[in-house]
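> Build me a model from this:
(2 chains)
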2 protein chains.
Amino acid sequence: MSKLYTIAIDAMGGDNAPEEIVKGALIARDRYDNLQLDLYGDKGRILEIIGDSDQNRLTIINTTESIEMGEEPVKAVRRKKDSSMVVAANAVKDGKADALFSAGNTGALLASGIFIVGRIDGIQRPGLLTVMPSVDDPQRSWVFMDVGANAEVKAPYLVQFAVLGDFYATHVLKRPNPEVRLLNNGAEEDKGDKIHIEAHQLLKHVKELNFTGNIESRELLNGHADVVVADGFSGNAALKAIEGTALTMFAGLKNVLVHSGLKTKIGAALVKPALKKFASVLDYNNAGGAVIAGLKAPVVKTHGSAKAKAVANTIGQIKTILEVNLVADITKYVQENKDQFEVHVEEK
Amino acid sequence: MSKLYTIAIDAMGGDNAPEEIVKGALIARDRYDNLQLDLYGDKGRILEIIGDSDQNRLTIINTTESIEMGEEPVKAVRRKKDSSMVVAANAVKDGKADALFSAGNTGALLASGIFIVGRIDGIQRPGLLTVMPSVDDPQRSWVFMDVGANAEVKAPYLVQFAVLGDFYATHVLKRPNPEVRLLNNGAEEDKGDKIHIEAHQLLKHVKELNFTGNIESRELLNGHADVVVADGFSGNAALKAIEGTALTMFAGLKNVLVHSGLKTKIGAALVKPALKKFASVLDYNNAGGAVIAGLKAPVVKTHGSAKAKAVANTIGQIKTILEVNLVADITKYVQENKDQFEVHVEEK
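Model (predicted):
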């Protein structure tokens, strides 16, 4: 029998919790036969949702609190000791589970990840890593990191993000020799503020990385990189601008097609299947969640508004991360390259 | 007779210079009867393009050099004393022209603006201001500043950007009591790095501004603000992400519609006019150019790839800026509010 991985699931986090989280867990349990899913949350409500479904490879751990979306993250994690998220994070820390899933408060999950699960020895700043689509080449999804954990960075953190992103692209996306680029406001190496100019120079000298220079946010969807490294502030700005533009354009298109004359309406009906297929390329629900990369175990956040399907897909992503042994490989690399790695980290 | 405004035109800057620049100037000259257009550049080539057209309200000033798109901006401006851009900037400085137009090297135009035309007394950092569309509400275009002039900022600069943007929205876009927001990675006032947290507090206390809090880049196209203030680094990242996503999506859509079955092709033909209309909302050629706000005269940059139509539209934008007396009003405000203004500026 293949190894059984245990994923701790914060069943109470997210706009549609616990319903969609539990339903997603049921889908994932049925889809992946090597997962044990531990659901942390209100046992009564979870049992109601499970209903008559079998409870094979599911365990419910009752918790009495939950962290809400608007709460101040660090305070919430400190105070709500019996919240689904904190208890689930402690289970990972204590070795009772191999990974943590949540659709809840991102800041609280970051705090739980950093303070409870813990950073990999040698990693200064874990960051939020997400897999993005490429419109030109649907086969070339790419890793974007950091998309919001670190509003303030130093150049060496960007190098660590690059290494973490490179590992993800290589092992999880199975991309050989991934092309790494730095998000910056121009292609030339002297572009950007001091931190990005310095980071560019540092990145050029990490021999394990296939660093091919800066990338502007205009090019992000065009399949020009496998890993894009960003500070958490502008990475977040670019990510949300892409999401917002795509959503607004789809809504605007729909509006134009629906509120036009008969000719356009007929045309709209005819192109609908093609448009749907196109929209699915940009659908984040297919891509999975955002990984807090740099922690001692996979901690993965899916959209707060995620439905069961997205929850199941994100659990599938966690399964892959566990199967390829990503955390152990990163830990080993950081340890073995401590000198080389720390040169970059301590330089500033 | 109404006042005649003189605009100095860098006829040699841009991917399509001098052809499209000169053609655009001809359109603008015919469209606006209160403009005198001074064309700086290679007289022989400009005359060839003008051909048989009349030269009413056109003057050609021969220059022997031009600054290329890839050149290091500050060096180029210092060395190429007889370049079309530098000679045109000097004409503005010397009062021979009221404003400067260029489709050339943005960095060089920034340098020409700051070092030759000069900053308004009391303005620390001019910034790049651009007018953006709103998809939900086509009537609510909005001012975005800074979109790339200042990769490195301090909080008080962001307050200055807000004041400059507010003036533009009020006087040029005729927006009463414009709603000003700060681009940040969350809605709450404690979001962002130190600079954005501080800027948020400063902005709250400028009584002339209708500051309504942070905005995330996801909301930029949704008509939630009249002025969005950003540091030049993340503002640039958000702007280019929007542009890139829109372009990529239109290309992707086109690709999907063209390379599908007959049914989709027929549908595509039927929806084409509606799609074209929708695309025009997001077409930057209609919106005009980016203004270097904070200078002693309007200095406006249009896209390097601008065609005659976009050139003419941008000249029309400059005409409006001149007619509403924007620079004089800002200068007066900064002077009269020196104390209040300088508190913010010197705070850090």
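> in a strand, that's where A:A151 is, yeah?
No - with DSSP: H, G, I helix; E, B strand; the rest coil as the criterion, A:A151 is assigned coil and is not in a strand.
> what's the next secondary structure element after the longest helix along chain A?
Assignment by DSSP state H gives helix A:232-258 as the longest helix of chain A. Following helix A:232-258 in sequence order, the next helix or strand is helix A:262-281 (DSSP states H and E).
> how about the one residue in the stretch 1-150 of chain A that gets nearest to chain B, secondary structure?
The nearest approach of the stretch 1-150 of chain A to chain B comes at A:V135, 4.5 Å away (C-beta to the nearest C-beta). Bear in mind the C-beta positions are built from the backbone N, C-alpha and C, glycine included. Three-state call for A:V135 (three-state DSSP): coil.
> now A:L182
Following three-state DSSP, the label given to A:L182 is strand.
> residues touching it, list them.
A:L182 makes contacts with A:158, A:162, A:196, A:199-200, A:203, A:211, A:213-215, A:228-230, as judged by C-beta atoms under 8 Å, 6 or more residues apart in numbering or on different chains.
> what does the stretch 51-200 of chain A put close to chain B?
Taking C-beta under 8 Å from any C-beta of the partner chain, the part of the stretch 51-200 of chain A that reaches chain B is made up of A:V135, A:D136, A:G148, A:A151, A:E152, A:L183, A:N185, A:K191, A:G192, A:D193, A:K194, A:H196.
> Need phi/psi at the closest residue to A:K319 other than its chain neighbours.
Nearest non-adjacent residue to A:K319, counting by C-beta to C-beta, 6 or more residues apart in numbering or on different chains: A:Y32, 5.4 Å away. As for A:Y32, its main-chain torsions (degrees, to the nearest 10) stand at phi -120, psi 120.
> picking up where we left off before, next one, pLDDT for the residue of the stretch 1-150 of chain A closest to chain B please.
In this prediction, A:V135 carries a pLDDT score of 83.
> cool, A:K348 as well?
pLDDT, read off for A:K348, is 39.
> what residues are up against A:H196?
A:A155, A:L158, A:L182, A:N184, A:N214, A:D231, B:A151, B:F233.
> Using the three-state scheme, assign it.
Going by three-state DSSP: A:H196 is helix.
> any low-confidence regions in chain A?
Low-confidence segments of chain A (pLDDT under 70): A:1, A:284-287, A:339-348.
> How is it partitioned into domains?
Here the domain parsing of chain A from automatic domain parsing is A:1-123+A:294-325, A:125-286.
> pretty sure A:V131 belongs to a helix, no?
No - looking at A:V131 with three-state DSSP, it is strand, so not inside a helix.
> hang on, the earlier thing: now for the contacts of A:H196, which sits with the most neighbours around it?
Greatest neighbour count in these, by other C-beta atoms under 10 Å in any protein chain shown, goes to A:D231: 32 neighbours.
> Could you check how far the closest residue in space to that residue that isn't next to it in sequence is from B:R78?
Spatially, and ignoring its direct neighbours in sequence, A:D231 is nearest to A:V153 (4.3 Å; C-beta to C-beta, 6+ apart). Relative to B:R78, A:V153 is positioned 33 Å away (C-beta to C-beta, to the nearest Å).
> again with A:L37
When distance is defined by C-beta to C-beta, A:L37 is 66 Å away from B:R78.
> And those two? Which one has more around it.
Remark: of A:L37 and B:R78, A:L37 carries more neighbours, 24 against 12, as counted by other C-beta under 10 Å.
> Next, count neighbours for the nearest residue to that one once chain neighbours are set aside.
Using C-beta to C-beta, 6+ apart and skipping residues adjacent in sequence, the residue nearest A:L37 is A:A25, 4.9 Å away. Using other C-beta under 10 Å, the number of residues around A:A25 comes to 28.
> so A:A25 sits right up against A:R57, yeah?
No - with contact defined as C-beta atoms under 8 Å, A:A25 does not reach A:R57; the gap is 9.9 Å.
> Could you pull out the residues contacting both of these two?
Residues touching both A:A25 and A:R57 (C-beta under 8 Å, 6+ apart): A:L37.
> Now the phi/psi pair for the residue most central in space within chain A, please.
The residue lying closest to the centre of chain A (C-alpha atoms, centre = their mean) is A:A290, at 1.0 Å. With angles defined as degrees, to the nearest 10, A:A290 sits at phi -100, psi 130.
> Would you quantify the distance from it to A:E72?
20 Å.
> Just grab the bridge partners of A:W142 for me.
A:M132 (DSSP bridges).
> residues contacting the residue nearest to A:D231?
Listed by C-beta under 8 Å, 6+ apart, the contact set of A:V153 reads A:R125, A:D146, A:I195, A:D231, A:G232, A:F233.
> what does A:A151 give?
Counted by C-beta under 8 Å, 6+ apart, A:A151 has contacts A:D231, A:G232, A:F233, A:N236, B:N185, B:K191, B:G192, B:D193, B:H196.
> Now with 10 Å, please.
A:231-236, B:184-186, B:191-197, B:234 (C-beta atoms under 10 Å, 6 or more residues apart in numbering or on different chains).
> And A:K204, by the same measure?
Neighbouring residues of A:K204 by C-beta under 10 Å, 6+ apart: A:L182, A:E189, A:F211, A:T212, A:G213.
> The second one against A:T212, yeah?
No - with contacts defined as C-beta atoms under 10 Å, A:E189 does not count as touching A:T212, sitting 11.5 Å away.
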